[in-house]
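Peer 1: take a look and give me a structure for this.
(one chain, ligands or ions: 1)
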Amino acid sequence: MLKVALVGAGGMGRVHAKAYSQMEEAELVAVCDIDPEAAKKCADEYKIPAYTDFGEMIGNVDVDVVDICTPTYAHLECVKAAAEAGKHVACEKPLARTVSQAKEAVQVCEDAGVKLFVAHVLRWFPEYRSIKEHVAAGAIGDAVEVRTTRSGSHPNSPDSWYCDYSKSGGVVLDLIVHDFDWLRWCFGNVKRVYARGLYESKIPITDYALVTLRFENGVIAHVEGGWARPSGFITSAEVAGTKGLLNYSNADSVPLVIDKKAVEEDRPSITIPENPANESPYYKELRHFINCLESGETPEVTPEDGIEAVRIAEAALKSISSGQSVVLG
Ligand SMILES: NC(=O)c1ccc[n+]([C@@H]2O[C@H](COP(=O)([O-])OP(=O)(O)OC[C@H]3O[C@@H](n4cnc5c(N)ncnc54)[C@H](O)[C@@H]3O)[C@@H](O)[C@H]2O)c1
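Peer 2: This next block holds a predicted model:
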């Protein structure tokens with residue numbers, strides 16, 4: 001059984017802690033947060049020691065894996081500290097605030113000979129995985145055009161790191177990076193990025209972006225993200241192909257509908273409702289990494305995937321600032 005130390009016990013840290021507490025293959029053995037109250041709250045819940053200093057924790061507790069759930073701007077320093085201590089690393093998305101930080105995080109893990117997993121959780125949401133599988137199996141012919149939406153209320157108060165663009169990349173980096181990774185997983189590399197949004201507009205605790213991606217295979221995707229709703233959270237994905245349409249919305253009671261175009265020799269038009277099981281995607285992604293560490297297999301999300309998702313987000317932010325499209329090399 002692998003021993004895991006959690007770094008950052010805020011919103012996502014608590015989600016990860018719960019996932020490990022339910023896992024047979026791993027044990028949460030310590031928690032570190034620079035906020036003593038946050039560390040203590042998590043430590044008390046799981047009956048593990050609390051630390052406010054990473055070095056002290058690593059010096060005192062036997063650990064195999066460090067799970068990083070700190071704010072985005074602090075990912076690199078925590079990845080570095082974990083890798084230099086010889087520990088495998090699971091890091092919340094996005095891998096880092098900038099592409100150069102993301103590359104450094106990957107390099108430091110390579111140099112230390114430790115595995116790095118970026119927690120791009122959409123791949124473990126059954127509806128998103130199912131869309132990818134149906135597209136790959138040709139259920140809608142060749143994919144042509146995609147629309148995704150991810151929209152909720154702002155994650156935090158005005159003095160939060162989420163409101164400081166030097167620390168968070170707003171909705172583009174800290175929200176729809178989910179969709180960027182999923183889209184790359186489905187359709188391959190992105191050639192060109194154009195985006196409009198509220199980045200740098202200084203509207204308090206609000207953000208919005210609409211990002212257009214052109215993939216190397218010709219697919220075009222419109223990716224919408226918002227932190228402007230008073231409450232609730234909506235997600236949707238629609239893939240149009242040469243032979244039909246795949247459609248998912250979390251507002252629907254039936255999670256996934258395949259609506260195929262009528263073809264003469266085929267049945268008129270079919271709708272295939274699917275009802276994916278509701279095991280936590282966060283549990284599944286972390287168990288996947290732990291299982292890969294045990295078996296030596298390569299995790300589904302590679303360090304390179306982590307860099308590329310940040311690269312798309314960085315290009316989108318650049319496009320919003322400049323008003324120009326950005327070509328990815
Ligand atoms: N996968 C998802 O669905 C999802 C959802 C929300 C957030 N996230 C990501 O998770 C990360 C954390 O977001 P959050 O909402 O949990 O943030 P948060 O502000 O709720 O929690 C961050 C915690 O990290 C602590 N911290 C800050 N710097 C630290 C350091 N150097 N060492 C140790 N602890 C430190 C803070 O005190 C705080 O308790 C972000 O990168 C965010 O983009 C992912």
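
Peer 1: could you check how far residue 298 is from the ligand?
Peer 2: Residue 298 sits at a distance of 21 Å from the ligand (criterion: C-beta to the nearest ligand atom, to the nearest Å). Placement of C-beta: from N, CA and C, glycine included.

Peer 1: the one residue in the chain that gets nearest to the ligand: neighbour count?
Peer 2: Using C-beta to the nearest ligand atom, the single residue of the chain nearest to the ligand is residue 10, 1.8 Å away. Around residue 10 there are 16 other residues, counting by other C-beta atoms under 10 Å.

Peer 1: surely it touches residue 41?
Peer 2: No - look at residue 10 against residue 41 with C-beta atoms under 8 Å: they stay out of range, at 10.2 Å.

Peer 1: going by residue numbers, what spans are helices in this structure?
Peer 2: In the chain, the helices defined using DSSP state H lie at 11-21, 36-46, 54-60, 75-84, 99-112, 126-136, 170-174, 177-187, 281-295, 303-322.

Peer 1: looking at these, which is buried most?
Peer 2: With neighbours taken as mean count of other C-beta atoms under 10 Å, these reach their highest mean count in helix 170-174, at a mean of 28.

Peer 1: which strands and helices lie in contact with that helix?
Peer 2: strand 190-197, strand 207-215, strand 220-227, helix 303-322 (3 or more C-beta pairs under 8 Å, 6 or more residues apart in numbering; DSSP states H and E).

Peer 1: possible to save those as a markdown table with mean pLDDT and distance to the ligand?
Peer 2: Supplementary listing: these in a markdown table, determined by pLDDT from 0 to 100; distance: least, C-beta to the nearest ligand atom, whole Å:
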| stretch | mean pLDDT | distance to the ligand |
| --- | --- | --- |
| strand 190-197 | 98 | 17 |
| strand 207-215 | 97 | 13 |
| strand 220-227 | 97 | 11 |
| helix 303-322 | 98 | 11 |
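
Peer 1: which stretch among those comes nearest residue 2?
Peer 2: Comparison of the helices and strands packed on helix 170-174 against residue 2 by C-beta to C-beta identifies helix 303-322 as nearest, at 19.1 Å.

Peer 1: who does the closest one touch, helix- and strand-wise?
Peer 2: helix 99-112, strand 116-119, helix 170-174, helix 177-187, strand 190-197, strand 207-215, strand 326-327.

Peer 1: give me the sheet partners of the fifth one and which way each runs.
Peer 2: In the sheet containing strand 190-197, its partner strands are strand 207-215 (antiparallel), strand 326-327 (antiparallel), by DSSP bridges.

Peer 1: excluding its backbone neighbours, what's nearest residue 103?
Peer 2: The shortest distance from residue 103 to any non-neighbouring residue, by C-beta to C-beta, 6 or more residues apart in numbering, is to residue 307 (5.9 Å).

Peer 1: the one you found and residue 137, how far apart?
Peer 2: Plainly put, residue 307 is 29 Å away from residue 137 if you go by C-beta to C-beta, to the nearest Å.

Peer 1: equivalent analysis for residue 217, please.
Peer 2: Look at residue 217 and residue 137: by C-beta to C-beta, they are 16 Å apart.

Peer 1: residue 5 against residue 30, yeah?
Peer 2: Yes - in terms of C-beta under 8 Å, residue 5 counts as a neighbour of residue 30; the distance is 4.5 Å.

Peer 1: any shared contact partners between these two?
Peer 2: Between them, residue 5 and residue 30 share these contacting residues under C-beta atoms under 8 Å, 6 or more residues apart in numbering: 57, 61, 63.

Peer 1: ok, now which ones touch the first one?
Peer 2: With contact taken as C-beta under 8 Å, 6+ apart, residue 57 is in contact with 5, 30, 32, 49, 51, 63.

Peer 1: give me the neighbour count for residue 124.
Peer 2: Applying the criterion other C-beta under 10 Å, we find 21 residues in the vicinity of residue 124.

Peer 1: now do residue 140
Peer 2: Residue 140 is surrounded by 22 other residues when neighbours are defined as other C-beta under 10 Å.
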